[in-house]
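Chemist: here is my input; please provide its structure:
(chains A and B)
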Number of protein chains: 2
Amino acid sequence: MDMSDAQGARERLVVIGGDAAGMSAASQARRLRGPDELEIVAFERGHFTSYSACGIPYWVSGDVPDRDRLIARTAGEHRARDIDLRLRTEVTEIDVDRGRVRARDVDSGAESWTSYDKLVIATGARPVRPDLPGMDAPGVHGVQTLDDGQALLDTLARTRGRRAVVVGAGYIGVEMAEAMIKRGYEVTVVNRGKEPMATLDPDMGRLVHRAMEGMGITMVNEAEVTKLLTGDDGHVRAVATERAEYPADVVVLGIGVRPETSLARAAGLPLGDSGGLLTDRSMRVRGHESIWAGGDCVEVLDLVSGQQRHIPLGTHANKHGQIIGANAGGGYATFPGVVGTAVSKVCDLEIARTGLREKDALRVGLRFESVTIESTSRAGYYPNASPMTVKMLAELRTGRLLGVQIVGHEGAGKRVDIAAVALTAGMTVDQMTALDLGYAPPFSPVWDPVQVAARKAATKIRATS
Amino acid sequence: MDMSDAQGARERLVVIGGDAAGMSAASQARRLRGPDELEIVAFERGHFTSYSACGIPYWVSGDVPDRDRLIARTAGEHRARDIDLRLRTEVTEIDVDRGRVRARDVDSGAESWTSYDKLVIATGARPVRPDLPGMDAPGVHGVQTLDDGQALLDTLARTRGRRAVVVGAGYIGVEMAEAMIKRGYEVTVVNRGKEPMATLDPDMGRLVHRAMEGMGITMVNEAEVTKLLTGDDGHVRAVATERAEYPADVVVLGIGVRPETSLARAAGLPLGDSGGLLTDRSMRVRGHESIWAGGDCVEVLDLVSGQQRHIPLGTHANKHGQIIGANAGGGYATFPGVVGTAVSKVCDLEIARTGLREKDALRVGLRFESVTIESTSRAGYYPNASPMTVKMLAELRTGRLLGVQIVGHEGAGKRVDIAAVALTAGMTVDQMTALDLGYAPPFSPVWDPVQVAARKAATKIRATS
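Modeler: Predicted coordinates for the structure are as follows:
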């Protein structure tokens, strides 16, 4: 059945993907246009909509008591707002020429075409899952979707063992290391990079490395997984690298994601180097008047380097959804780009970054000075003042802020926002030194740690300019 | 003796006031110019240098175990860096024409003149102490200096009573209310304003009011103190207003400060409406080539209103000192101004503000929209996510951010820095909506509360423009 037959005078907006970007777009469009003007059909191949994938590590750890708390808006809530949401329905083809998508009911296998006037592609990302022996064995888990999280929790409930290996030491890897520690596992993190948290420079990653060892986590860096070994029962029993084997009752994969753009690729839509869809400022797919894309399946403009990047983060996906919904709903909104801000934690260690690392700056031809300072989260004399390290990069001559990395404890991570706003505004480190930031002994030393770094950077820039 | 006789080829920098601004200036000048080039003489009438007056409430509360922890740099440390620091020596006159100051030894009463090539005025502020009966009675304490703090602690050690009245409900008042609660007192706060924290709009001050009542503090607003009643022993026994009497075993005055500029006034130096010294961008006193002033005795430029204001805060004093020291030491630095950021807490309540209140905006002819939102410090599903209220003002038509006020709990206060940087950069609320701020469930909802407010403000501005 071609559902386009059913279409009347009103327009139809079709959304592919029912998580943050897709359903935010649908909701925002509905806010601007009632059901008499705009029909909204959303296809989601999984069981859930609008959930916080970023929350999965905390559900696994037990910090979040149940899955439903991660669901911001249920299918029923979307349907109550006249969004025709079809769960367990996977879009298998986008026919750009005829303005329609083909969708398959995952359970029955039945397929049908649905025409669209406007299309939103929010197909998200898929986890990197290297093609290695044993990768599909029971006990090996990704943590990308709620279904993944449930499967991991089911394994943990069934498994008697107490040894977990986490593959990868990016955000997901370190957060899952914390989750497994909290569940009482002995945790080994096997990491390809020189240090954990490759989104930091290695000198800052080294601080994370040491802190994680201090938590009792075994850190194995510069190690490439070659295969996963299984026992007689077929269940995973160890992770092998070229040099060693690490016994594992459960393996968690946290090795990053790639844009899920196979549909877009097949439809001939423009993709960037990362495989993410390319959009304009209004999140419209380049060259396509009536197709928008957002969330983990697109590339975004990095305002500091001027380059396109793939940065899968829920906060961007939500913004994209809002902007797409505004534009698809007849309003106007744009997404200017990102500065690459991220914050994470492992147990009581807070890790944050924004802007360029040293290698990013070098890659785009920017010369810089870099400084690293130690300070504290509160006035030194105030109880529970905790140490933090701030690294700052500033451009030679101009003194323009290029990036900040922070490793510390309670109160350290969100300080990165100071730098994120300053980067967006194009401030110099001299200007940052003069910023009027909140000060009182329970909140900050009299010079905020970010400003201590800015002051040192400004002095260094002056000395070399 | 005229000490100018002793002067050789090198210049002499004289500093009046040995706390944050003065000693930062001295230290920074010394960093740039060695003792062979620059003699530095600093006069301080009290016993201490370079201490954190902002830390006194936490010393009184017992959070900070002893006084010396509040001293960032001792007299001995300054002297070891070739700064000729004279404690208990009060400057009694500035002779601008002849380039000299007259100083009196507080203990002996001996006076002498010291000539200067360059002068730094860092005389700080003096507490407002209304001329009311009983104001000088034993048991009535200011908390401006370390000596004040020690006197209060001595009273607390001697006094058997358990009732404290705090007069004033600004930062010092609410911090001292917390301190007295922590010491086990029944606390009454008597406040002239409609709500506590007059640096907030009354609707936000109302939240502080309720929260403080929830802590067991008796809040008396719109009450003018008429006298302090004393007992037969002469010790304070109650605070009287026009309507009632509040029994008090100890009274803490937290009713603000005024610039301490009597010397400057007598010398004919330019003062603003608040009585604070007027300086240029390099912190040089207007019209005087070789005299700088900084800290609590100057007015600063409010970048949002474009007006001069008196904002006594340690963070500004430290910056001023650095800048003065750089300029007096032959370098170059400027202080662009402030946006009016402040953060404070009462027990577990965090209070922050930056930019203009409604009445500030009206006073300078700015029309605005104002929004107030409720959000949480972390993702709603994450443990210990605490509620916070954010109020935001944005200019009509342009959408330019004008001010932010935050009342919440752990993690709320320092979020004001996002707004402080955005204000400095002149951002609109639309631009703030797009900011790339640090997000992860333990740190923030997917839209940071400040951005939730910005989004709502942007929508309201669009609707009315």
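Chemist: which one is residue A:407 nearest to, not counting chain neighbours?
Modeler: residue A:207 (4.4 Å; CB to CB, 6 or more residues apart in numbering or on different chains). Any C-beta I mention is one placed from the backbone N, CA and C, and that applies to glycine too.
Chemist: could you check how far residue A:273 is from residue A:204?
Modeler: 26 Å (CB to CB, to the nearest Å).
Chemist: can you report how many residues lie near residue A:357?
Modeler: 23 (other CB atoms under 10 Å in any protein chain shown).
Chemist: contacting residues for it?
Modeler: Contact partners of residue A:357, counting by CB atoms under 8 Å, 6 or more residues apart in numbering or on different chains, are A:199-201, A:393, A:403, A:405.
Chemist: most surrounded residue in these?
Modeler: Top of those by neighbour count (other CB under 10 Å): residue A:405, with 29 neighbours.
Chemist: check contacts around that one.
Modeler: Counting by CB under 8 Å, 6+ apart, residue A:405 has contacts A:200-201, A:204, A:352-353, A:357, A:390-391.
Chemist: from those, which land in helices?
Modeler: residue A:204 (DSSP state H).
Chemist: which of the contacts of residue A:405 lies closest to chain B?
Modeler: Distance to chain B across these (CB to the nearest CB) is lowest for residue A:352, with 5.6 Å.
Chemist: gap between that closest one and residue B:80?
Modeler: 37 Å.
Chemist: the nearest residue to residue A:332 once chain neighbours are set aside and residue B:311, how far apart?
Modeler: Among residues not flanking residue A:332 along the chain, residue A:326 sits closest, at 6.5 Å (CB to CB, 6+ apart). Using CB to CB, residue A:326 is found at 39 Å from residue B:311.
Chemist: got it, and residue A:157?
Modeler: Distance from residue A:157 to residue B:311, by CB to CB: 58 Å.
Chemist: outside of the helix or strand of chain A with the lowest mean pLDDT itself, list whatever touches it.
Modeler: Least confident helix or strand, chain A: strand A:125-127 with a mean of 91, by mean pLDDT, DSSP states H and E. Applying CB under 8 Å, 6+ apart, the contact partners of strand A:125-127 are A:142, A:144, A:253, A:255-260, A:296-297, A:312.
Chemist: again, only this time at 7 Å
Modeler: Strand A:125-127 is contacted from outside by A:142, A:144, A:253, A:257-260, A:296-297, A:312, using CB atoms under 7 Å, 6 or more residues apart in numbering or on different chains.
Chemist: which one of residue A:352 and residue B:80 has more residues nearby?
Modeler: residue A:352 (29 against 10).
Chemist: would you list the phi and psi of the closest residue to residue A:226 other than its chain neighbours?
Modeler: Nearest non-adjacent residue to residue A:226, counting by CB to CB, 6+ apart: residue A:240, 5.3 Å away. When read as degrees, to the nearest 10, the backbone of residue A:240 gives phi -110, psi 140.
Chemist: okay, and the beta partners of the nearest residue to residue A:285 once chain neighbours are set aside?
Modeler: Excluding the flanking residues, the one nearest residue A:285 by CB to CB, 6+ apart is residue A:291, at 4.4 Å. Per DSSP bridges, the residues bridged to residue A:291 are residue A:119.
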